[in-house]
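Enquirer: need a structure here:
(2 chains)
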Amino acid sequence: MTELNVQQLLKDLANDLDSYLTEHNINDPVFIGIQTGGVWVAKQLQSLLNNKQKLGVLDITFYRDDFSRAGIQPTVKPSKLPLGVNDKHIILVDDVLHTGRTVRAALNEIFDYGRPASVILVVLVQRNDSELPIQANVVASKLTLDVTQHIKLSGPDPLELKIIDQKN
Amino acid sequence: MRHFLQIDGLSTEDLNHILDTTESFTSVDDRAVKKVPLLRGKTIVNLFFEPSTRTLTTFELAAKRLSADVLNINIATSATTKGESLLDTLFNLQAMNTDMFIVRHPESGAAEFMSNYVDSHVSVINAGDGRHAHPTQAMLDMFTIRKHYNDFSKLSVAIVGDILHSRVARSQIEALNLLGTKEIRVIAPRTLLPANVEQLGVEVFQNCKKGLRNVDVVIMLRLQKERMQGGFIPSEREYFQLYGLTPERLDIAKPGAIVMHPGPINRGVEISSEVADGPQSVILQQVEYGIAVRMAILSIAMSSDKDEPSN
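Expert: Residues are numbered from 1 along each chain as shown, chains lettered A, B, ... in the order given. Presented below is the predicted three-dimensional model:
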């Protein structure tokens, strides 16, 4: 089990995002975090960037593509997008980008709410073995892992990012 | 759980799973766009051989909120009037690649009968069969109770009225027992109680004053006149005198006890308007929760392991 320095990664992520927004001339972005890890990361980013806007929260359970196999997991939290999405630049935040299916579901859900001006995908960690053509716009760390290895962000307090090997 | 036919045969875990899943679906109603794509592309047929306001519309809304395609078959103008049998109706609709039938029928056992004939990937949901069962109603009633009281093991629940003809009462009693309710009472004149009703796990009262004492939940039932053949009560006026829920009778229950009714209510027969419209009544809440409960049951039934149709 390896623990990563999540606080440093968050600082790097915030800096990179700040540069990205300046570079692309984006002034009034809207943060949306994907439950649950993405929401924790989004809150940290907002705090590091001094962004006091309301945070949108997305639970993608109802948009998953494995519903007919996995069935319904009861613990779904509500999705709430208080600032809407129409004509907004959305900063979509998740903790780990792996296959890309979660982000696909999140994009579908966002577009059910309206038409954003753009969606900027921001993740803490992007790992190998993606299954869809989805890449992060801003990412703190890119990792190549074995198929038995698993990254997990736990939190919200304290936030801890660990690589767990399921062989053990 | 591909079919949902009755409470009998389910476990406590099954019921809690449905109730927990329902909680998730209540949040769909709070969204600006009250739709999720869970059952997109699925075809759901409402086959109602008996009248309905609540059950039919909440099932239709539940299916539509899950993005399914819904067909409401109007039996009165269907080929049933030309002599088409129940099974033929079923097979013909199934040939249109229907994924689920939601059935209400005046004969007890109709839903199970249909479940024995549908293809292996098709679900049958019982929306009320004769006097036998109305399991989705019982689940929304349990969800309503759970919203007000956390712990069934501390509750005293009274069901008042036409128990004999009530499929709702039977399903409610089964569900209340499975959830570990401390005390279940039925209150009715002897003519409206089934023989050996105690065997269902209930305490029997014929007197409201005694039966309602200190209960936490009062469930009122309508006189099922459409199922009565013969004289069971002298008159509706007399029934109201002895068994109607008035504010005075409600005061016998615990302060703050909730008043429930599956609907439709007959004002002045089993319940007074003052109580039905009063602060302790959660009758309209039941209707609202009915949508989320049915969304949960439809989703659970559709997602169960089944064979893919071989085309």
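Enquirer: contacts only, for residue A:120.
Expert: Shown in contact with residue A:120 (CB atoms under 8 Å, 6 or more residues apart in numbering or on different chains): A:20, A:26, A:29, A:89-92, A:137-138. No exception for glycine: its C-beta is placed from N, CA and C like everyone else's.
Enquirer: equivalent analysis for residue B:33, please.
Expert: Going by CB under 8 Å, 6+ apart, the list of residues near residue B:33 reads A:112-113.
Enquirer: any idea which element it lies in?
Expert: Assigned by DSSP states H and E, residue B:33 falls within no helix or strand.
Enquirer: need the pLDDT of it.
Expert: pLDDT, residue B:33: 79.
Enquirer: check residue B:304 too.
Expert: Predicted confidence (pLDDT) for residue B:304: 78.
Enquirer: just the ones of the contacts of residue A:120 in helices?
Expert: Taking DSSP state H as the definition of helices, the contacts of residue A:120 contribute residue A:20.
Enquirer: so which of the contacts of residue A:120 wins on neighbours?
Expert: The residue in the contacts of residue A:120 with the most neighbours, by other CB atoms under 10 Å in any protein chain shown, is residue A:91 (27 neighbours).
Enquirer: roughly how far apart are it and chain B?
Expert: Distance, residue A:91 to chain B, by CB to the nearest CB, to the nearest Å: 21 Å.
Enquirer: what are the ranges of the helices in chain A?
Expert: Going by DSSP H, chain A shows helices at A:6-23, A:37-48, A:67-70, A:101-113.
Enquirer: tell me the most buried of those helices?
Expert: helix A:37-48 (a mean of 22; mean count of other CB atoms under 10 Å in any protein chain shown).
Enquirer: if I look at the residue nearest to the spatial centre of chain B, how far off is residue B:216?
Expert: Nearest to the mean C-alpha position of chain B, by CA atoms, centre = their mean, lies residue B:137 at 1.8 Å. Residue B:137 is 20 Å from residue B:216, where distance means CB to CB, to the nearest Å.
Enquirer: what residues does the spatially closest residue to residue B:207 that is not a sequence neighbour make contact with?
Expert: Take residue B:207 and drop its neighbours on the chain: the residue closest to it by CB to CB, 6 or more residues apart in numbering or on different chains is residue B:187, 7.6 Å away. By CB under 8 Å, 6+ apart, residue B:187 lies in contact with B:158-161, B:205-208, B:211-212, B:243.
Enquirer: which of those count as buried?
Expert: By neighbour count, with 16 or more other CB atoms under 10 Å in any protein chain shown, those hold B:158-161, B:205, B:208, B:211-212, B:243 as buried.
Enquirer: ok so, going back, can I get the host helix or strand of the residue nearest to the centre of chain B as PDB, trimmed to CA atoms?
Expert: For residue B:137, the enclosing helix or strand under DSSP H and E is helix B:135-148. Only the C-alpha atoms of helix B:135-148 are listed here, as PDB (Å, rounded to 0.1, in the frame of the first residue of the first chain):
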ATOM      1  CA  PRO B 135     -47.800  -5.000  -2.300                       C
ATOM      2  CA  THR B 136     -46.700  -1.600  -3.800                       C
ATOM      3  CA  GLN B 137     -49.300   0.100  -1.600                       C
ATOM      4  CA  ALA B 138     -48.000  -1.700   1.500                       C
ATOM      5  CA  MET B 139     -44.500  -0.600   0.600                       C
ATOM      6  CA  LEU B 140     -45.400   3.100   0.200                       C
ATOM      7  CA  ASP B 141     -47.300   2.900   3.500                       C
ATOM      8  CA  MET B 142     -44.200   1.400   5.200                       C
ATOM      9  CA  PHE B 143     -42.100   4.100   3.700                       C
ATOM     10  CA  THR B 144     -44.500   6.800   5.000                       C
ATOM     11  CA  ILE B 145     -44.400   5.300   8.500                       C
ATOM     12  CA  ARG B 146     -40.600   5.100   8.300                       C
ATOM     13  CA  LYS B 147     -40.400   8.800   7.400                       C
ATOM     14  CA  HIS B 148     -42.200   9.700  10.600                       C
END
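Enquirer: for that helix, name the packing helices and strands.
Expert: Counting contacts by 3 or more CB pairs under 8 Å, 6 or more residues apart in numbering or on different chains; DSSP states H and E, helix B:135-148 is packed against helix B:12-26, helix B:54-65, strand B:123-129, helix B:167-178, strand B:258-260, helix B:283-302.
Enquirer: alright, that wraps it up for me.
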